[in-house]
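Peer 1: Attaching a predicted model along with its sequence, questions to come.
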Amino acid sequence: MDIQDRWEKVDQYISEKILKDPEYMDRSRQRSLEAGIPQINVSSAEGKLIHIMAGMTGAKKALEIGVLWGCGSMYIASALKEGGQLIGLERDRKNAAIALKNLQDAGLDSLVEIRIGDARDSLKKIRENGEGPFDLIFIDADKKPYAEYFSICMEISHPGTIIIVDNMVWNGKIVEKGAEDEDTNGIRSLYDHISERQDIEATVIQTVGSKGYDGFAVIRVK
Ligand code: DHB
Ligand code: MG
């Protein structure tokens, strides 16, 4: 068994034994496959962790950057406190339409508002309209503007806000000399930005599994 094979089997084992995704998750994944959406959503294990973190922190107002087919949105929305709301930002209109269908199927659509467009514009509008602060933010969008996204997120946060950022290891490319593509450099820019801030505490956890070798950051606003 090669190593990726082993990671996948273990992910599947964990998933079947203890994650127990709701049935709407499988239907939603299927819908996204049929629509030709790339399967670059969070793993069930990571999604469940974000769900647990939303519950732990008693999050009521949440923000997701990069909705894709709504996988992360469903893990977050289903954990929000009574009266909670998730704003999801998605650039691609087709993805947003499938995500909305999926959220309807899950009975979560009343908790989620998907805004279509460039996340930088949407974030600035959220800031200008005073729609924050958010209790929990999940960043899982295009990598080049990661630091920019994060920096605006800090302006719509409060002490105690939890910010989770996906793809912070990127198959180890962050430490690979010669890996100078814009995604990898975008992720590195966020490391630089985080390292310079005094108002947060941060960690990155490396992961393996069905999504290969990657990792995510967990950041808490001081
Ligand atoms: C990929 C994975 C991700 O989690 C993501 O947010 C974007 C791209 C990928 O494997 O290409
Ligand atoms: Mg991701």
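Peer 2: All right, it came through fine. Ligands and ions are numbered 1, 2, ... in the order given.

Peer 1: Report how many residues lie close to the residue of the chain found nearest ligand 2.
Peer 2: The minimum distance from the chain to ligand 2, using C-beta to the ion, falls at D166 (3.5 Å). All C-beta spots, glycine's among them, are computed from the backbone N, C-alpha and C. D166 has 27 neighbouring residues, counting by other C-beta atoms under 10 Å.

Peer 1: tell me the contacts of it?
Peer 2: D166 makes contacts with V42, E46, F138, I139, D140, D214, F216, as judged by C-beta atoms under 8 Å, 6 or more residues apart in numbering.

Peer 1: again with A119
Peer 2: Contacts of A119 by C-beta under 8 Å, 6+ apart are I65, G66, L89, R91, A141, P145, Y149.

Peer 1: Let me see the mean pLDDT of the longest strand anywhere in the chain.
Peer 2: The longest strand of the chain (DSSP state E) is strand 157-166. Strand 157-166 carries an average pLDDT of 98.

Peer 1: now swap in stretch 76-89 and tell me
Peer 2: 98.

Peer 1: What is the end-to-end distance of it?
Peer 2: 14 Å (C-alpha to C-alpha, to the nearest Å).

Peer 1: tell me which residues in that stretch are buried?
Peer 2: Of the residues in stretch 76-89, I76, A77, S78, A79, L80, G84, Q85, L86, I87, G88, L89 count as buried by neighbour count, 16 or more other C-beta atoms under 10 Å.

Peer 1: Okay, and the first one sits in which element?
Peer 2: If you go by DSSP states H and E, I76 is part of helix 71-77.

Peer 1: Count the residues that sit near L68.
Peer 2: 24.

Peer 1: which residues of this structure fall in strands?
Peer 2: So, for the chain - with DSSP E - the strands run 61-65, 85-90, 112-116, 134-139, 157-166, 200-207, 214-221.

Peer 1: hmm, who's touching the fourth one?
Peer 2: This points to strand 134-139. 50, 53-54, 57-66, 72, 76, 146, 149-150, 153, 156-158, 160-166.

Peer 1: of those, buried ones?
Peer 2: 50, 53-54, 57, 59-66, 72, 76, 146, 149-150, 153, 156-157, 161-166.

Peer 1: picking that back up, now the contacts of A119 in a markdown table, with distance to E180?
Peer 2: Listed next are the contacts of A119 as a markdown table, based on distance: C-beta to C-beta, whole Å:
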| residue | distance to E180 |
| --- | --- |
| I65 | 24 |
| G66 | 23 |
| L89 | 27 |
| R91 | 24 |
| A141 | 21 |
| P145 | 17 |
| Y149 | 21 |
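
Peer 1: Rebuild those residues as JSON lines, extending it with distance to ligand 1.
Peer 2: Output for those, formatted as JSON lines (distance: C-beta to the nearest ligand atom, whole Å):
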{"residue": "I65", "distance to ligand 1": "10"}
{"residue": "G66", "distance to ligand 1": "6"}
{"residue": "L89", "distance to ligand 1": "13"}
{"residue": "R91", "distance to ligand 1": "13"}
{"residue": "A141", "distance to ligand 1": "7"}
{"residue": "P145", "distance to ligand 1": "13"}
{"residue": "Y149", "distance to ligand 1": "12"}
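
Peer 1: With that, I have no additional questions.
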